[in-house]
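S.K.: sharing a sequence plus its predicted fold:
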Amino acid sequence: MLDTVTIVGASLAGFWAAETLRRDGFAGPIALIGEEPHAPYDRPPLSKKYLAGELDDDRLDLVPANQLDDLDLDLRLGCRATGLEVASRTLEVDGIAEPFDGLVLATGARCRTLPDTAGMDGVYTLRTRDDAAAIRDALAAGTRRLTVVGAGFIGAEVASTAIQRGVEVTMVEALDTPFGRALGTEMGAVVADVHRSHGVELRTGTGVDRVLGGDRVTGVRLTDGSTLDTDLLVVGIGVVPATDWMEGSGLILNDGVVCDATCLATDRVVAAGDVARWPNPRYEGLMRVEHWDNAVQQGVHAARRLLQTEQEATPFAPVPWFWSDQYDRKVQLAGRTHPDDDVQVAVGSTVEHRFAAFYGREGRFTAVLGMNRPRYVMQAKALLEQDASWDEAQALAADWN
Amino acid sequence: MRVIVDFDLCESNAVCMQIAPDIFEVRDDDFLYILEENPREDHRSTLQEAVQRCPKQAISLED
Ligand SMILES: Cc1cc2nc3c(=O)[nH]c(=O)nc-3n(C[C@H](O)[C@H](O)[C@H](O)COP(=O)(O)OP(=O)(O)OC[C@H]3O[C@@H](n4cnc5c(N)ncnc54)[C@H](O)[C@@H]3O)c2cc1C
Ligand code: SF4
């Protein structure tokens, strides 16, 4: 049995790990260590209502303060884990070594940045509440032109929020189709169309050559030779798992902390959320997921794993899914897409921006994408969880029509 | 046990419906309907899962 548990990363996965340990009856000390000064809060609103100035700080909290108190945690906020050695079971926090018994790694991910922009005013990435507050304030302070680099979901949400505040928005995407990586060419184009119809200028197939300006950003030069004037630049070019502090720990790091199918990284050490990479038995190879629901589910699963014996342990085998809110559209994707999947609209119309589409390959049903069709997405997700065939998906679509 | 949804928070993403289809339904109008406001006790653990997985923390249970 474990005597104590230390959780590094006081956010979504870390919080749910702590909650689960208590719910399952673990009565020993639990330390929840987080670099940010804030109690665990929720990130999705940061690019949505919070950015629009429609949500107060306290509405971001994952749980009310009294519920957090009830868990009886040793909450160490503003503390950064700086080193780890699993052989000697030693964690280093702000440079000071301490022993650990059970350990949950839940440090999430950090944003990629553009070169030579460190310290430049008006250039932001969006990951934390402080990032969001800074962008929100810049928008409120009279930003006229925003450039979003990278047509990913967070960038798309920032674009959508900003344009509704009367800001001119340009999105720059190196690939030919925005959102193509996640949605494929055909459906990526549908989401791109939603943005265009709201007035966003999309520049695809061109990257950023250089960010212009001295102390403050004034524009960006693109690789196609053109220049965009801008007074705010939001960089959304993806994230990297926050494993820097685990270098030399003895754990396998390869685009995340590599775990077994049960979320175990090594004896009494588990990982969960954006930082974890594991062989989801549902799919081939290793998987790392950067979605809200995965962080919750994996936090729960990993915490249970710590309390289980090897015989009791079960693999973590979810169908991943996420949502994204852009304008008045709710985009939801469940499953795993591949660039060469067949895509078929199962219900509704892409032109009306209200539909559900199925992805399939080799006779299997692989994913469902919905735009303002939550009920259908969730029904299809249930089918994906049964590893359904393409024919079974067709039968569901026939039911809907 | 009573199921309460804060409709100011709910964004009709139908997560709860997948977990407890007997209790929650998002209809074609994209609104969430509670099918059974006072469910039997044997629904408790499923409903607790819905409380936990609702991305908006819009669901609560009252005894
Ligand atoms: C703006 C935004 C919008 C999003 N919107 C959606 C959405 O609509 N739908 C969706 O499905 N997903 C969305 N996501 C993704 C979702 O929020 C993440 O998948 C989720 O937050 C991952 O949780 P996590 O606990 O693994 O990591 P994180 O939430 O990243 O938390 C990790 C924590 O660990 C801390 N930390 C890092 N290193 C250390 C260290 N060395 N020592 C101590 N602490 C450390 C960090 O400061 C952070 O607080 C969004 C994310 C962002 C940023
Ligand atoms: S899961 Fe929550 S937000 Fe989604 S429909 Fe149910 S109550 Fe509403």
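M.R.: Perfect, I can see it now. Ligands and ions are numbered 1, 2, ... in the order given.
S.K.: phi, psi for residue 27 please.
M.R.: I went with chain A, as the question did not name one. When read as degrees, to the nearest 10, the backbone of residue A:27 gives phi -110, psi -10.
S.K.: my bad, chain B
M.R.: Residue B:27 adopts backbone torsions of phi -90, psi 180, taken as degrees, to the nearest 10.
S.K.: repeat for residue A:15
M.R.: Phi and psi for residue A:15, reported as degrees, to the nearest 10, are phi -60, psi -50.
S.K.: verify the contact between it and residue A:61 for me.
M.R.: No. With contact defined as C-beta atoms under 8 Å, residue A:15 does not count as touching residue A:61 (10.2 Å). The way it works is simple: take the backbone N, C-alpha and C, and place the C-beta from them, glycine included.
S.K.: more crowded one of these two?
M.R.: Legend: neighbour count by other C-beta atoms under 10 Å in any protein chain shown for residue A:15 and residue A:61, higher for residue A:15 (27 against 16).
S.K.: and the nearest residue to the more buried one once chain neighbours are set aside, what is it in contact with?
M.R.: Of all residues not flanking residue A:15 in the chain, residue A:40 sits nearest, at 4.3 Å (C-beta to C-beta, 6 or more residues apart in numbering or on different chains). By C-beta atoms under 8 Å, 6 or more residues apart in numbering or on different chains, the contact list for residue A:40 reads A:10-12, A:14-15, A:32, A:34, A:61-63, A:68.
S.K.: then residue A:218 would be within a helix, right?
M.R.: No. Read with DSSP: H, G, I helix; E, B strand; the rest coil, residue A:218 is strand and lies in no helix.
S.K.: what parts of chain B come near chain A?
M.R.: Those residues of chain B that sit near chain A, judged by C-beta under 8 Å from any C-beta of the partner chain, are B:11-15, B:17-18, B:25-28, B:30, B:52-53, B:55, B:57.
S.K.: switch the cut-off to 10 Å
M.R.: B:9, B:11-19, B:21, B:25-30, B:32, B:48-49, B:52-53, B:55-57 (C-beta under 10 Å from any C-beta of the partner chain).
S.K.: quick revisit: ok, the residue nearest to residue A:15 to ligand 2 distance?
M.R.: Between residue A:40 and ligand 2 the distance is 19 Å, computed by C-beta to the nearest ligand atom, to the nearest Å.
S.K.: would you list every one of the strands in chain B?
M.R.: In chain B, the strands defined using DSSP state E lie at B:2-5, B:24-26, B:32-34, B:59-62.
S.K.: sheet-wise, list the partners of the second one with their directions.
M.R.: This means strand B:24-26. When pairing is defined by DSSP bridges, strand B:24-26 lines up against strand B:32-34 (antiparallel).
S.K.: ok, residues contacting the longest helix belonging to chain B?
M.R.: In chain B, assigned by DSSP state H, the helix with the most residues is helix B:44-53. Contacts of helix B:44-53 with the rest of the structure, by C-beta atoms under 10 Å, 6 or more residues apart in numbering or on different chains, involve A:16, A:19-20, A:23, A:292-293, A:296-297, A:300, B:1, B:3, B:5, B:15-24, B:39, B:43, B:57-61, B:63.
S.K.: hmm, try it at 8 Å
M.R.: A:16, A:293, A:296-297, A:300, B:1, B:3, B:15-16, B:19-20, B:23-24, B:39, B:57, B:59-61.
S.K.: drop anything exposed from these.
M.R.: By neighbour count, with 16 or more other C-beta atoms under 10 Å in any protein chain shown, the contacts of helix B:44-53 hold A:16, A:293, A:296-297, A:300, B:3, B:15-16, B:19-20, B:23-24, B:39, B:57, B:59 as buried.
S.K.: and stretch B:1-11, how far out from the chain middle?
M.R.: The offset between the C-alpha centroid of stretch B:1-11 and the centroid of the whole chain comes to 7 Å, using C-alpha atoms, centre = their mean, to the nearest Å.
S.K.: then it to CSV, C-alphas only?
M.R.: The C-alpha atoms that make up stretch B:1-11 are tabulated as CSV, following Å, rounded to 0.1, in the frame of the first residue of the first chain:
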residue,chain,number,x,y,z
MET,B,1,-32.6,12.2,-5.3
ARG,B,2,-33.2,15.2,-7.5
VAL,B,3,-31.3,16.1,-10.7
ILE,B,4,-30.6,19.8,-11.2
VAL,B,5,-29.1,21.4,-14.3
ASP,B,6,-28.0,25.0,-14.3
PHE,B,7,-29.3,26.0,-17.7
ASP,B,8,-27.2,29.2,-17.7
LEU,B,9,-24.1,27.0,-17.8
CYS,B,10,-25.4,24.1,-19.9
GLU,B,11,-24.2,24.3,-23.5
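S.K.: what does that stretch rub up against?
M.R.: For stretch B:1-11, the surrounding residues in contact (C-beta under 8 Å, 6+ apart) are A:325, A:330, B:23, B:32, B:34, B:36-39, B:41, B:43-44, B:47, B:54-63.
S.K.: go on, stretch A:156-171?
M.R.: If you take C-beta under 8 Å, 6+ apart as the criterion, stretch A:156-171 is touched by A:47-48, A:51-52, A:126, A:135, A:139, A:143-148, A:151, A:155, A:178-179, A:191, A:195, A:198-203, A:228, A:230, A:232, A:234, A:236, A:324-327.
S.K.: show me where pLDDT drops low in chain B?
M.R.: Across chain B, nothing is flagged by pLDDT under 70.
S.K.: quick check: the residue of it nearest ligand 1.
M.R.: At 7.2 Å from ligand 1, residue B:55 is the closest residue in chain B, using C-beta to the nearest ligand atom.
S.K.: since that was my last question, I'll sign off now.
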